[in-house]
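>>> Sharing a model that was predicted from the sequence below.
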Amino acid sequence: MTTWVDECIAHAPPELCFQVAREIERWPEFLPHIRRVRYLTRSGPGNGKVEFTAWQIFGGPLRLPTRWSAEIETDETTLTITHRHLDGITRSLLTNWEIIPADVDTKLRISLSWTSTGWPLVGAPARKLVVGPYLVGSVTRRTLTGIAVEAQRLTHAGR
């Protein structure tokens with residue numbers, strides 16, 4: 001199993017950070033690397049099977065289109081969100097979001113754990129050396145930062 005943790009601080013209330021993270025259909029409005037998000041099935045607010053398409057940005061004009069679907073579960077009482085990746089290059093990736101009150105700010109944390117890529121001959125090395133840090137890690141950092149910036153913007157806009 002390969003694991004990663006990434007986090008950032010948002011100068012916004014935790015409930016607002018959770019709301020922004022849960023409203024995934026809005027992500028393409030403020031996350032330039034996310035091209036499209038659509039629910040395939042819904043099972044409650046922020047819950048269901050979702051398809052994502054995104055740009056994997058390598059720097060400059062170099063971008064690679066990517067696609068995956070995930071089963072998403074949200075919990076308003078604990079301010080947590082879980083994405084279980086169902087297909088695509090990140091199949092079997094488990095993404096856990098935590099929205100943590102921290103004094104006057106909010107800590108946004110994403111913990112990722114990955115058990116398989118479906119590539120038996122190069123699975124673990126590819127996952128650990130390439131796919132994790134360069135594909136998953138860069139999307140995670142961009143998403144965390146974008147969620148924090150949008151929550152801060154909404155806080156200052158009086159939402």
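Yes, it's here. Everything quoted here is computed from the prediction, not taken from an experiment.

>>> for the protein, which spans come out with low pLDDT?
1, 56-60, 116-137, 158-159 (pLDDT under 70).

>>> Can you spell out which helices and strands pack onto the longest helix belonging to it?
Counting residues, the longest helix in the chain under DSSP state H turns out to be helix 137-156. Here helix 137-156 is seen to pack against strand 2-10, helix 14-22, helix 27-30, strand 48-59, strand 105-114 when contacts are counted using 3 or more C-beta pairs under 8 Å, 6 or more residues apart in numbering; DSSP states H and E. (Glycine included, C-beta is placed from N, CA and C.)

>>> switch to 7 Å and redo it
strand 2-10, helix 14-22, strand 48-59, strand 105-114 (3 or more C-beta pairs under 7 Å, 6 or more residues apart in numbering; DSSP states H and E).

>>> Could you dump these into a markdown table with mean neighbour count added?
Formatted as a markdown table, the helices and strands packed on helix 137-156 follow (neighbours: other C-beta atoms under 10 Å):
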| stretch | mean neighbour count |
| --- | --- |
| strand 2-10 | 16 |
| helix 14-22 | 22 |
| strand 48-59 | 16 |
| strand 105-114 | 20 |
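
>>> re earlier: buried ones in the longest helix of the chain?
Neighbour counts using 16 or more other C-beta atoms under 10 Å place 139-140, 142-144, 146-152, 154-155 of helix 137-156 among the buried residues.
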